[in-house]
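# below: sequence and its predicted model.
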Amino acid sequence: MSMDEVRLLFVASSKEQMIAVNTLIHKIDTPHFRLDWVVDDQKALAHLDEFRHHIDVVIYTLADREKGMPTITGMLERFPELALIVLQDFEHPASAMELIEKGVQDVWQKENLTVAGVRDSILFARARQKQAIMLREEAHDSSLLKQRLNSIIHNDQDALLVVDQNGMILFSNPPAEKLFKRSAPELFGAVFGIPVTGPDSKPAAVTVTDDPGKHIEMSVTMIWWEKQKAWLCRLRDMTRYHMAQEMMKENEEKFQAIAAGARDAIIHINELQNIAFVNDAVATLFGESGASVLNKPFYEVFGRQTDLTDLVGQAWEGQQDQQKEIHIVRGDGSVLPVDISISAFKRRGKRQLVCILRDISERQRTQFQLMQTQSELKEALQSLKANQRKMMQMEKLNSVKELAGALAHEFAQPLQALYNYLHLIQTSDAHEVYFQKSREMLNRISDLTGSLKNITSLRKKDYLDSQIIDLFASSDPISFGNGTRVLIIDDEQEILETLIDIFNNAGYICRGAADGQDALEVMEMAEFDLIISDVMMPRMSGPTFFRRVREQGYEGRFIFLTGYEHPDEERSLMEQADAVIHKPVSFNELLSKVDSVLLKSAVKV
């Protein structure tokens, strides 16, 4: 069918009527009309079922009102998209009005038909029907839209209120009822109570309840509600959000307070790869002002720190947390070794980085000095062994014993203290203190070694051959003390202090005394499982103390720690102890002997 063609269906049992109407239609120039003719109602319905999408207007001849009215009603209901015109053989105004009210577009009277009238009526009927169809579709769409809008409003998690120009509530959804603790009927017509002057692009905080901890934000939109201008007020409970913000702010303040006082340099890089935070240690480490780099691009500030920027770049690419030793260039051009640790985290869903840098230059210097001290100590020991070989060439054994005993005592004390200090340097944090003390002991040994260089006539082997040991000889670690109570007695303060520190670090509960008399006073206040005692001490010697505590009923273990040989009578008393250990002795050897003595004690029990 052409776009300019109007297709008609004419329902009439009379051929004369069909010819009369067709004659009028053929006289119409434009648009072109095409007429289909059926003689009864059944054929008309069948024709419409088949060609309903091609028929624009139906012209129905109403010859019998009683029979024709049900057919017309059925056509209107069955084919609502068609325009229907009724042709009456008689003039009946009431009947015409009834047909119009049913939905008929026009009513013709047979004797009043003209070419212009027929043309205008058909075109008007078609246009009016199209408009009716459009209105029905719009009404249907409007109904669907209203249903969807109501569904959205009722299912919205925010409280929604429709408020008129006078501040009266016209509508409320379930979350609004919950927020105001009133039902929808109670809210309808009530005064909103919160000023609404117009739409605001930014949500504003409002007070809705008596709870001061509640944080409500309201945004306003102008709408048309039931043919009048109104405000759609959206109230959102932001309490949890504000709590999260406060907690995040508090955590950030704690982080910055902790980081500000940290000795390590800390750099926080945000999602834009700008510097969000630095502590004071950054300025100390890099030689630049920390405040001057805030909010600046990280790569712009630290562009010349290639080791640092490479690791940060790897972290941004999603690799695991980075930890490495690198070198940085300070503002004055000096190079520093640092340990760096880079960790990634998310803040508000955005990836962030934290870099922690620690200056390890002092640690490296200490390690170098320790290695230098070890080298010097080895040289001193080699000199001692050379002097020992000279002493073994002495002709008179008694003179050698006397001299060796004195020398052994002189060397054993600083050597033992020196070894203890070196052990503590490697195992404790206070390495600077012990490092200085070890240097003092090394100087003392050096002075003694210089004195020994005058001895040139030693010819016989002496027991000292077994006394001089390699302080750097090592063995597997010994088991810890597990709370064993130990009393250490030595008149050399350096040896006493270091032995106490070493035994405490190894898990023992350790006390100390300067000689036998002090030790007796300490034992009046505490009990001990093991006593380690020097031999030669002021006021009361080790053997005398040993005899006294045995007489008083002491049943614990006892070890003598000595630096030289002793007279037979004194040695006989010392041999009654659990062990006699000659100084200098390595800490592992000493612990091994202590464990052996304590193990024997446990087996006897």
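Cool, got the structure. Numbering: from 1, shown residues only.
# can we go C-alpha only for contacts and neighbour counts from here?
Noted.
# need phi/psi at Glu186.
Backbone torsions of Glu186, given as degrees, to the nearest 10, read phi -70, psi -30.
# to clarify, my last question referred to Gln367.
Taking degrees, to the nearest 10 as the convention, Gln367 sits at phi -60, psi -40.
# same check on the one 5 residues further on?
Backbone dihedrals for Gln372, given as degrees, to the nearest 10, come out at phi -70, psi -40.
# now it: how far from Arg365?
10 Å (CA to CA, to the nearest Å).
# same question for Arg52.
Taken as CA to CA, the span from Arg52 to Arg365 is 101 Å.
# which of those two has more neighbours?
Between Arg52 and Arg365, Arg52 has the larger neighbour count (other CA atoms under 10 Å), namely 14 against 11.
# what's Thr484 sitting at in phi/psi?
Phi and psi for Thr484, reported as degrees, to the nearest 10, are phi -60, psi 130.
# brain fart, Glu226
According to degrees, to the nearest 10, Glu226 has phi 50, psi 50.
# for Met537, same thing?
Torsion angles, degrees, to the nearest 10, at Met537: phi -140, psi 150.
# wait, isn't it in contact with Asp515?
Yes - using CA atoms under 8 Å, Met537 is in contact with Asp515, at 5.7 Å.
# quickly list what's touching both of the two.
Asp490, Asp491 (CA atoms under 8 Å, 6 or more residues apart in numbering).
# and these two? Which one has more around it.
Neighbours were counted for Met537 and for Asp515 using other CA under 10 Å; Asp515 has more, 24 against 18.
# Ile489 is in contact with that one, correct?
Yes - under the criterion of CA under 8 Å, Asp515 makes contact with Ile489 at 5.8 Å.
# find the nearest non-adjacent residue to the residue nearest the centre of the chain, please.
For the chain, the residue sitting closest to the mean C-alpha position, by CA atoms, centre = their mean, is Phe345 at 4.7 Å. The shortest distance from Phe345 to any non-neighbouring residue, by CA to CA, 6 or more residues apart in numbering, is to Gln352 (5.4 Å).
# now do the buried residues in the helix or strand hosting that neighbour.
Element membership of Gln352, judged by DSSP states H and E, is strand 350-359. Buried residues in strand 350-359, defined by neighbour count with 16 or more other CA atoms under 10 Å: Arg351, Gln352, Leu353, Val354, Cys355, Ile356, Leu357, Arg358, Asp359.
# which residues touch the first one?
Shown in contact with Arg351 (CA under 8 Å, 6+ apart): Asn270, Glu271, Ala344, Phe345.
# now do 6 Å
Going by CA atoms under 6 Å, 6 or more residues apart in numbering, Arg351 touches Glu271, Phe345.
# in the sheet, which residues pair with it? Tell me.
Lys346 (DSSP bridges).
# quick check: it vs Tyr299, distance?
17 Å.
# point out where the stretch 151-300 of the chain drops to low pLDDT.
197-202, 209-210, 260-261, 287-291 (pLDDT under 70).
# where does pLDDT dip in the stretch 351-500 of the chain?
385, 388-414, 416, 419, 421, 423, 426-432, 439, 443, 446-481.
# now do the helices in the stretch 251-400 of the chain.
Along the stretch 251-400 of the chain, the stretches classed as helices by DSSP state H, counting those that start in this stretch are 280-286, 298-301, 306-316, 361-391, 397-427.
# scratch that, the stretch 401-550 of the chain
431-452, 493-505, 516-523, 542-551.
# out of those, nearest to Leu311?
helix 431-452 (31.6 Å; CA to CA).
# distance of Asp40 relative to Arg65?
14 Å.
# cool, and Thr498?
Counting by CA to CA - Thr498 and Arg65 are separated by 129 Å.
# could you pull up the mean pLDDT of the helix or strand hosting Phe33?
According to DSSP H and E, Phe33 maps onto strand 32-38. For strand 32-38, mean pLDDT is 91.
# what's the next secondary structure element after that strand?
Heading C-terminal from strand 32-38 (DSSP H and E), you reach helix 41-51.
# okay, now the unreliable bits of the stretch 1-150 of the chain?
1-3, 142-143, 145-146, 149.
# give me that answer again for 50
The model of the stretch 1-150 of the chain has pLDDT under 50 over residues 1-2.
# please apply the same query to the stretch 501-605 of the chain.
Residues of the stretch 501-605 of the chain that meet the criterion pLDDT under 50 lie in 605.
# against Ala44, how distant is Val11?
Taken as CA to CA, the span from Val11 to Ala44 is 7 Å.
# shared neighbours, the two?
In contact with both Val11 and Ala44: Val38, using CA under 6 Å, 6+ apart.
# among those two, which residue is more densely surrounded?
Val11 (24 against 21).
# I'd say that one and Tyr60 touch.
Yes - Val11 lies in contact with Tyr60 (CA atoms under 6 Å); the separation is 4.9 Å.
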